[in-house]
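[1] Sequence below, structure please.
(2 chains)
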Amino acid sequence: MIPELIALGELERDALTEIVNIGVSRAASSLRKMVGHEVHLSVPSIEVVSQRRAARLIGERELDGLVAIRQDFSGAFSGRALLIFPEANSLELVRAVTGDTLTAAEVLDMEHEALAETGNVILNSCLATMANMLKRSLTMTIPEVLRGNGATLFEIDDTGKSDGLVLFLYIDFAIRQRDIRGYIAMLMDLPALAILRELLEEFIARVIGDDER
Amino acid sequence: MSDNAVIEEQGREQRMMAIRAAAGSSGTWDWDILADRLYVDGRFAELYGIDASDCLTGLPTNAFFKAIHHEDRARIKIAVAGILGGAELFSKEFRVVTPDGVVLWMHGRGQSSFDADDQPVRFTGLLVDVTDRKRTEERLRIAQSAGGVGTFEHSDGFATMVVSEEFCRVLGLHPATVLPVQTVNGVVLAGELPLIPTQVPEEAGSGLDAEFRIIRAEDGAERWIARRGEIIRDGGGHRLVGVIYDVTKAKELEAQLRDLNDTLEARVEAEVVERHQAQESLRQAQKMEAVGHLTGGIAHDFNNLLTIIIGNIDTVLRRIDTTTDPRIKRSLDNALKGAESAAALTQRLLVFSRQQPLDPRAIDVARLLAGMSDLLTRSITEAISIQMSSAQDLWKIEADPHQLENAILNLAVNARDAMNGNGALTIDAGNILVDGDGPNGLAPGRYVAISVADTGTGMSPETIARAFDPFFTTKEVGKGTGLGLSMVYGFAQQSKGTVEIASRPGEGTTVTLYLPKAVAEAVDVVEAIENQLPMGSASETVLVVEDDDDVRAYTVGILRELGYRVIEAHDGVTGLRLLERQEHGIQLLLTDVIMPGMSGTELADAARRYQPGLKVLFNSGYTRDAIMRDGRLEPGVDLISKPFTFAVLAGKVREMLDR
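    Model prediction:
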């Protein structure tokens, strides 16, 4: 169960979804410039789940191996951000981003670098937008590319101590007539999530105005 | 702009509106972010109740939220804030309240455009009335959640399928709208068919009806799932559209029913065994009854013979004097002893066959109990302590002493059997005054309560309820007739009393006999008379009716010897004729009970009609028959058992005449 204190209300979830949408829109704009093609990104929904549940959730949806780009962030609230794709989609993404001019061998060579760069653009935009919209600052580490399954990505071990929470966002990519699905996950501990919730409250108050609440 | 141009512009706008209206559009908006003004079309204005003239000049942007239902407004403000902050796409459903107060569901779809610096400048979009769709969705959602029914749709060749939240809940998966087919098939128990078949044979029907066992993903529980639906073939491929729901409960009930069916057989079997035992018990009882009849019949004939033997030896013995050879007397004495032993034997046979007559008289229960002490000690040989006590001023009761002894013995033996050879038997007698509500509806009055208590296994209420039923026994077949308690009950009822059982499993049993206090005091008449031979006189006429000539001769001989005037007949009809011929009537009718033609009872009835108040002495070895009214002798009627001796007959006749 998610503790009452940090469980996000409906409006808070909406607000976070919109903020991340602003972030991915900016990322899409950046990617458009990189690729020179239409790139659309959107985040239809968001969930807050336990690490264990996040691993199960992604395991139910994705049966093949996963590729993830990971960046840690710290500041007003700290945590770890993951951009996750099904492994089968990752070469597709690289091809879409680099254009279809490369040979298969070249794609393989470039895969790691291209993934890291794409992930960096998207995660950076999201986190920077969050920081900006919530009027706080965040610093980020350089991206890392990981492969594995839900359990390894969400650092589930057998000790059962994985009690952190995950902001789980679905993300739809549309690049060059290709539909690629992915996920953004933000692993945060309880205090960090509590702070995020407070900041969202402030944001909502600003947007709606006192008369509406 | 010229007037014509304006008109042309308006005409084009109207045509566009018509096209949008036909497409389901309910209005468009154009939000100028830099100028902070909102422009809307006529339908939007109509929907929002905005004055048409304001459409062209533009409105303050907060007009966008004005008609939105207050519950949805905050959500939409946040979404618009996202757009103003740089998000690209807007796609929200919300309610709009029209000027007439009608609530409509709208789907607002919009997009922002950016300048060269990626700053949003315009936010344009379209409102579509989706009220009907929302209602349909609502009904579908409620149908699913209320019925626990989850929907799915899978198109041929796709690795994923569209599902409902309820579908995920039924399978214990995290709610989603799209799931890989492999995930869905993964919950099905190994060895079962896949929930979503990837290959559908061409010739297969259009149904999807099947049942599956699954391991629910969330809690690992094994459940039964039913799938219903259709295979829809369109174009080259097909779609599987259907529902699933949990049928575990129905399956469990089915299993329970099957179990019940299986145990039904076992129950029937047990019932058959029980019935078999009951039949066995009945056969045992019938056997005992038959043996009883047989022994009773034999005893009857034997008693007649013994009456002749004893009577004649008696006669001879009284005739011999001191001059006779002492060896003759010794031999006769031995013969008499042997005959008396034989008589005792037939008596026991009669007790066994329960055909001895009921002979109620006033009884001192304390004395009766004291007299039984030896018998009880011998009957209950095991390590069972026997304690008997009687109240000091115990009333006398009126009952048949032999039957009472039998009843107490019966209860004592039952108590012994209930204790498995170890325990304490307590027999207690006390006075009791019964008022309105006595046990078994016992009439109010004075009673003596004789209770037989054991420390044995006790009885369940079910056993108590059946304990008095004839043939009911808890003993093994062959060990009891199941008649013991029912005879006790019958005896108690006959004696105008009752019997009551108090018991609980494991806490022993107490059976209490209630017998009414005697009206007259007990007198041991027979004993008093037996010492002296009471003689009769010629003024006292006795009519003897007996079909056995030898017995009749013996009886008549005794009575004449005692001095009575005796007339005799060999059957009832002759006896009645003789009675009618007597001028002064007779004093006593002494008759056998079982006779060809008219029975002793019938004769007595007829005689008493002719001469009311006539004293009758029945003389029988086989008195099961109807000499008793309600199991008791009428006043002025008595009974003498065959074989009888000179002295007993003399005493009985005298006693009756003197009454």
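
[2] before we move on, which element is whichever residue of chain B sits closest to chain A in?
    Of all residues in chain B, B:Gly82 sits closest to chain A, at 3.1 Å by CB to the nearest CB. Heads up, the C-betas are built off the backbone N, CA and C, glycines and all. With elements delineated by DSSP states H and E, B:Gly82 resides in helix B:70-85, which encompasses its position.

[3] Who are the packing partners of the helix or strand that comes right after that helix?
    Next in sequence after helix B:70-85, counting helices and strands by DSSP H and E, comes strand B:89-97. Here strand B:89-97 touches helix B:70-85, strand B:103-114, strand B:120-129, going by 3 or more CB pairs under 8 Å, 6 or more residues apart in numbering or on different chains; DSSP states H and E.

[4] can we see that at 6 Å?
    Here strand B:89-97 touches helix B:70-85, strand B:103-114, going by 3 or more CB pairs under 6 Å, 6 or more residues apart in numbering or on different chains; DSSP states H and E.

[5] what ranges of chain A fall below the confidence cut-off?
    Scanning chain A with the threshold set as pLDDT under 70 gives A:1-6, A:100, A:156-163, A:176-177, A:210-213.

[6] and the helices and strands packed on strand B:89-97, which is most packed in?
    helix B:70-85 (a mean of 20; mean count of other CB atoms under 10 Å in any protein chain shown).

[7] Show me the contact partners of stretch B:135-154.
    Stretch B:135-154 is contacted from outside by B:161-164, B:166-167, B:170, B:196, B:240-241, B:243-246, using CB atoms under 6 Å, 6 or more residues apart in numbering or on different chains.

[8] ok, and the most crowded of those?
    Across those, the neighbour count under other CB atoms under 10 Å in any protein chain shown reaches its highest value at B:Ile244, namely 27 neighbours.

[9] That one should be in a strand, yeah?
    Yes. Assessed by DSSP: H, G, I helix; E, B strand; the rest coil, B:Ile244 belongs to a strand.

[10] burial measure for the residue nearest to B:Gly49 when sequence neighbours are not counted, as a count.
    Counting by CB to CB, 6 or more residues apart in numbering or on different chains, the nearest residue to B:Gly49 once its immediate chain neighbours are dropped is B:Pro99, at 3.5 Å. Taking other CB under 10 Å as the criterion, the count of residues near B:Pro99 is 11.

[11] beta partners for B:Asp428?
    B:Ser389, B:Ser451 (DSSP bridges).

[12] can I assume it is in contact with B:Ser451?
    Yes. Counting by CB atoms under 6 Å, a contact exists between B:Asp428 and B:Ser451, whose distance comes to 4.8 Å.

[13] Count the residues that sit near B:Ala52.
    The criterion is other CB under 10 Å. On that basis, B:Ala52 has 10 neighbouring residues.

[14] ok, now which ones touch it?
    With contacts defined as CB under 6 Å, 6+ apart, the neighbours of B:Ala52 are B:Ala45.

[15] quick one, what contacts the closest residue to B:Ala250 other than its chain neighbours?
    On the basis of CB to CB, 6+ apart, the spatially nearest residue to B:Ala250 that is not a chain neighbour turns out to be B:Trp224, at 7.7 Å. Shown in contact with B:Trp224 (CB under 6 Å, 6+ apart): B:213, B:247-248, B:251.

[16] From these, which land in strands?
    Among those, the ones falling in strands (DSSP state E) are B:Arg213.

[17] which of the contacts of B:Trp224 tops the neighbour count?
    Among the contacts of B:Trp224, B:Val247 has the most neighbours (other CB under 10 Å), with 18 neighbours.

[18] For that one, give me phi and psi.
    The main-chain torsion angles of B:Val247 are listed as degrees, to the nearest 10 and equal phi -120, psi 20.

[19] sorry, back to before: in TSV, list the contacts of B:Trp224 along with distance to chain A.
    What follows is the contacts of B:Trp224, written out as TSV (distance: CB to the nearest CB, whole Å):
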residue	distance to chain A
B:Arg213	19
B:Val247	23
B:Thr248	21
B:Lys251	25
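
[20] Checking the residue nearest to B:Gly49 next. Helix, strand or coil?
    coil.

[21] My understanding was that it contacts B:Ile50; is that so?
    No. Assessed by CB under 6 Å, B:Pro99 is found out of contact with B:Ile50, at 9.3 Å.

[22] A:Gly209 - how many residues pack around it?
    A:Gly209: 11 surrounding residues under other CB under 10 Å.

[23] Just the element for the residue nearest to B:Ala250, please.
    If you go by DSSP H and E, B:Trp224 is part of strand B:222-234.

[24] In that strand, which residues are buried?
    Residues of strand B:222-234 classed as buried by neighbour count (16 or more other CB atoms under 10 Å in any protein chain shown): B:223-227, B:229, B:231.

[25] What of stretch B:428-440?
    Within stretch B:428-440, the residues that count as buried by 16+ other CB under 10 Å are B:428-430, B:432, B:434, B:438.

[26] mind checking the end-to-end distance for that stretch?
    Using CA to CA, to the nearest Å, the gap from the first to the last residue of stretch B:428-440 comes to 20 Å.

[27] Distance from that stretch to the middle of the chain?
    31 Å (CA atoms, centre = their mean, to the nearest Å).

[28] thinking again about what came up before, which two from the contacts of stretch B:135-154 end up farthest apart in space?
    Comparing all pairs in the contacts of stretch B:135-154 by CB to CB, the longest separation belongs to B:Val162 and B:Asp246, at 20.5 Å.

[29] Where is the longest helix in the chain?
    You didn't pick a chain, so chain A it is. Taking DSSP state H as the criterion, chain A has its longest helix at helix A:104-133.

[30] that's the other chain; I wanted chain B
    Using DSSP H to define each element, chain B has its longest helix at helix B:248-319.

[31] Following whatever helix or strand B:Leu47 lives in in sequence, what is the next regular element?
    B:Leu47 is located in helix B:42-48, with elements delineated by DSSP H and E. Scanning forward in sequence from helix B:42-48 by DSSP H and E, the next helix or strand is helix B:52-57.

[32] Now that following helix: buried residues?
    By neighbour count, with 16+ other CB under 10 Å as the criterion, the buried positions of helix B:52-57 are B:Cys55.

[33] Point me to the residue sitting closest to the centre of chain B.
    For chain B, the residue lying nearest the average C-alpha position, counting by CA atoms, centre = their mean, turns out to be B:Glu462 (9.0 Å).

[34] Just give the number of residues close to B:Met459.
    21.

[35] Doesn't it belong to a strand?
    No. For B:Met459, which was evaluated using three-state DSSP, the result is coil, with no strand membership.

[36] What parts of chain A come near chain B?
    The interface of chain A toward chain B, taken as CB under 6 Å from any CB of the partner chain, is made up of A:11, A:14-15, A:18, A:21-22, A:25-26, A:29, A:42, A:57, A:60, A:63, A:207-208, A:212.

[37] Just the buried ones from the residues you listed?
    A residue is treated as buried here by neighbour count (16+ other CB under 10 Å); on that basis the buried members of the residues of chain A next to chain B are A:11, A:14-15, A:18, A:21-22, A:25-26, A:29, A:42, A:57, A:60, A:207-208.

[38] just to revisit the earlier point, angle of the helix or strand just after the longest helix of chain B against helix B:248-319?
    Downstream of helix B:248-319, the next assigned helix or strand under DSSP H and E is helix B:326-352. Helix B:326-352 and helix B:248-319 are oriented at 160 degrees to each other (axes from the mean of the first three to the mean of the last three CA atoms, to 10 degrees).

[39] how far does helix B:326-352 sit from the chain's center?
    Between the centre of helix B:326-352 and the centre of its host chain there is 56 Å, according to CA atoms, centre = their mean.

[40] for stretch A:79-96, same thing?
    Chain-centre distance of stretch A:79-96: 11 Å, with CA atoms, centre = their mean.

[41] now the end-to-end length of that stretch.
    Using CA to CA, the end-to-end distance of stretch A:79-96 comes to 30 Å.

[42] Leaving out the residues flanking it, which one is nearest to B:Phe618?
    Nearest-residue entry for B:Phe618: B:Leu639, 4.8 Å, with adjacent residues in sequence omitted and distances by CB to CB, 6+ apart.
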